[in-house]
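fold the following for me, if possible:
(2 chains)
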Protein chains: 2
Amino acid sequence: MPTISNKGKAMPESPIRKLVPYSEAAKKKGRKVYHLNIGQPDIKTPELAIEKIKSLDLKVLEYSHSAGNESYRRKLSDYYKGIGIDAAFDEMLITTGGSEAISFALMTCLNPGDEIITTEPFYANYLGFATAAGAVIKAVTSKIETGFALPPVEEFEKAITSKTKAILICNPNNPTGYLYSETELNALRDIVKKHDLYLFSDEVYREFCYDGKKHFSAMNLKGIEQNVILIDSISKRYSACGARIGVMISKNKEVMTTALKFAQARLSPPSLGQILGEASLETPHEYFDEVIAEYVQRRDLVVSEINKMPGAFCPKPTGAFYAIARLPIDNSDTFCRWLLEDFHYKNQTVMLAPATGFYASKLGLDEVRIGYVLNLHDLSAAMKCLSEALKVYPGKTVKVKELAG
Amino acid sequence: MPTISNKGKAMPESPIRKLVPYSEAAKKKGRKVYHLNIGQPDIKTPELAIEKIKSLDLKVLEYSHSAGNESYRRKLSDYYKGIGIDAAFDEMLITTGGSEAISFALMTCLNPGDEIITTEPFYANYLGFATAAGAVIKAVTSKIETGFALPPVEEFEKAITSKTKAILICNPNNPTGYLYSETELNALRDIVKKHDLYLFSDEVYREFCYDGKKHFSAMNLKGIEQNVILIDSISKRYSACGARIGVMISKNKEVMTTALKFAQARLSPPSLGQILGEASLETPHEYFDEVIAEYVQRRDLVVSEINKMPGAFCPKPTGAFYAIARLPIDNSDTFCRWLLEDFHYKNQTVMLAPATGFYASKLGLDEVRIGYVLNLHDLSAAMKCLSEALKVYPGKTVKVKELAG
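Model prediction:
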């Protein structure tokens, strides 16, 4: 039997999906499982977008342009203009989800062995994309005590080697929900400029900013216009994860010309998803007002409930729809599995993502990621399960840690 | 400005799409351009598949399973059973087009520098996928004189080095339209077995076999069950290129488990395309009878018209919807560009794909690929254009070559 590639062996398993067999087993036992482990929002996709697909007059479902339909790119350019981002239609490439945008960016910019600095905890699939591209993720740790704010610039400087080629940020952040400030982004800009790095900015949660905080895009950082590559997607914005439509944007023509070659090899992004994406741009602003109001209520519930649990701590995120909580547990992998295999409260349990999968270092053993993608009623029931679980979990740590807010 | 990756520099431009600016300029001059350069069929997507999308009752367009919807995979397994291929639902991975299936197969099986042997002329994007995976394509030349039959086994043996890891075939073949016989495939089987290689079999044109010839799938080759990886897609079968739905199939569990990790990183294949793909499986057989009858008429027209042109030769393909023709020209790149820039017949011209892009060696200078993706009327007009063009093309070669038939 011929052997598997080294890259294939090195590819990480999805830390979010690896507990799935246990949740399936729990359900087979008749237990209700509250899924707070996923990034699949329960929010409705805008009706006008779905209606567009349903009213299609289509005879042949054809390939599109490899860079995506021009009509869509032109409207997307208007959309960005409306939120203060200058991106012409020929400075973008429609991709198969934000995933493909990251993939294209890494393959376009990095040689095998090149290093990317990001903050940990980070979106676990970055590790997969980096492995596939032969690149190496170096993580600078952001801390729960500061609410996962950008680590000091000195930490980035320390992480830079001769192989460092890029910095990657997710803003607002998955998994921490942290929204980077303009000051923090300018600090990153200075490092990027000083060392002439690429800055990959994953802004797929841009619309989800709370408490009146404003999103500042990396596209608006002065003096590094040729270094920035924006990663975006309609998955979260319009709750259209299954459309698999994202976009890669850069003012750097060499980057875009090169990325187009990767895009041409795979022919085109999904045609139906693009039609839905284009229609989504007509979504009225009230849609987001409602969604954001809903997420704020959910976040407030999660944060306040967790902070009531003895020994637990959850900083208040101001973006995206995730929170990282520190729990009084020995090992988050064991705990999350135990929740599914051995625990139930009134025949219900909760599924969480162990934070270990979001760290490149061996941190996260006492942290979990919580996606608040359930309605308030279910979320409340899920928090009750968690609270009861912490009372009886055999691997509970006695020591209650001192935490700064 | 940071530098582009070596891989990005090495990525080939699409040979099919690089003439697009010239065709656009021709159209701006008011000229009718017959597109025989593309693989986008004009055949209608089955109505029942489009209707399925239009009648969707969908609130949230969610991610699917990373391996694709189980319901779709189970029905697909039945479909394969119906055509004599044994493939269980958990031996397949739904991909974003056949493109992603090839990409996953290469990344799963090959290390940088590993070699893949294929026959040339070959589907140009194989070069792109190989480059992206860091692998190297080694081509064994199939010849127009034999109608692009499988080159002798000795040629493959000669091409094998210590770095050879796989053989890649496309059957029926794009760009030649050649359908490999069971005898030819068994010859490949013997080499694969002897050297313990992977056999990647791209069978996306499987339904398009003519003159009563039957397709033999690599999945049915005895004794190399663990070596074969099947690449398939609904793009051509149901004229649904824009759905971006393909599949990767293998009996090799280690291969499939590894490929799933790449699939998990990109989350899931397009949900709408999968729904359309699943519905397509209900397409009645008459649909294919009609399509095949249409393609046979088109092929017959192309082959007979080209063979009437002095100094031209086109073998009769028995599969897919392409033919490679040898023309009395100095340089197919120059000729195809000249057709768009400098030639017209009654204000019409034809766009062809220069065969040079389908060869790894420097062959194909006097060959073009013709996709018969237009109705008989337009195809006839396109052939008339080509015939007239050959009379006046400045780079016409005087020597009329002797060709075996």
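
quick one, what contacts A:Val204?
A:98, A:170, A:174, A:231-233, A:235-237, A:246 (Cβ atoms under 8 Å, 6 or more residues apart in numbering or on different chains). Just so you know, the C-beta spots here come from the backbone N, C-alpha and C atoms, and that holds for glycine as well.

reformat those as CSV; add secondary structure and pLDDT.
Listed next are the contacts of A:Val204 as CSV, based on DSSP: H, G, I helix; E, B strand; the rest coil; pLDDT from 0 to 100:
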residue, secondary structure, pLDDT
A:Gly98, helix, 98
A:Cys170, strand, 98
A:Asn174, coil, 97
A:Ile231, strand, 98
A:Asp232, strand, 98
A:Ser233, strand, 98
A:Ser235, coil, 97
A:Lys236, coil, 96
A:Arg237, coil, 96
A:Gly246, strand, 98
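
which member of those residues is positioned nearest A:Glu203?
A:Asp232 (5.7 Å; Cβ to Cβ).

the nearest residue to that closest one once chain neighbours are set aside: what's it in contact with?
The spatially closest residue to A:Asp232, leaving aside those adjacent along the chain, is A:Val247, at 4.9 Å (Cβ to Cβ, 6 or more residues apart in numbering or on different chains). By Cβ under 8 Å, 6+ apart, the contact list for A:Val247 reads A:68, A:76, A:92-95, A:101, A:230-233.

would you list those residues in CSV and tack on secondary structure?
Formatted as CSV, the contacts of A:Val247 follow (DSSP: H, G, I helix; E, B strand; the rest coil):
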residue, secondary structure
A:Gly68, coil
A:Leu76, helix
A:Met92, strand
A:Leu93, strand
A:Ile94, strand
A:Thr95, strand
A:Ala101, helix
A:Leu230, strand
A:Ile231, strand
A:Asp232, strand
A:Ser233, strand
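
closest one to A:Ala159 out of these, please.
For those, the nearest to A:Ala159 is A:Ile231 (20.9 Å; Cβ to Cβ).

pretty sure that closest one contacts A:Gly246?
Yes - if you go by Cβ atoms under 8 Å, A:Ile231 and A:Gly246 touch, sitting 7.0 Å apart.

find the residues that touch each one of those two.
A:98, A:101, A:204.

tell me the contacts of the second one?
Listed by Cβ under 8 Å, 6+ apart, the contact set of A:Ala101 reads A:93, A:95, A:231-233, A:246-248.

would you mind listing the buried residues in the helix or strand harbouring A:Lys52?
In the assignment (DSSP states H and E), A:Lys52 maps to helix A:47-54. Burial within helix A:47-54, assessed by neighbour count using 16 or more other Cβ atoms under 10 Å in any protein chain shown, is assigned to A:49-50, A:52-53.

what is that helix packed up against?
helix A:271-280, helix B:47-54 (3 or more Cβ pairs under 8 Å, 6 or more residues apart in numbering or on different chains; DSSP states H and E).

and the angle for that helix with helix B:47-54?
Helix A:47-54 runs at 170 degrees relative to helix B:47-54, counting by axes from the mean of the first three to the mean of the last three Cα atoms, to 10 degrees.

helix A:47-54 vs helix B:271-280, what angle?
Going by the same axes, to 10 degrees, helix A:47-54 makes 30 degrees with helix B:271-280.

just the pLDDT for the residue of the stretch 1-150 of chain A found nearest chain B.
Closest to chain B within the stretch 1-150 of chain A is A:Gly128: 3.1 Å, counting by Cβ to the nearest Cβ. Model confidence at A:Gly128, expressed as pLDDT, equals 94.

correct me, but it touches A:Met11?
Yes - counting by Cβ under 8 Å, A:Met11 is a contact partner of A:Gly128 at 6.0 Å.

so for those two, which residues contact both of them?
With Cβ under 8 Å, 6+ apart as the test, A:Gly128 and A:Met11 both reach B:261-262, B:265.

ok, now which ones touch whichever residue of the stretch 301-405 of chain A sits closest to chain B?
Residue of the stretch 301-405 of chain A nearest chain B, by Cβ to the nearest Cβ: A:Val373 (10.4 Å). The contact partners of A:Val373, by Cβ under 8 Å, 6+ apart, come to A:35-36, A:38-42, A:321.

cool, thanks, signing off.
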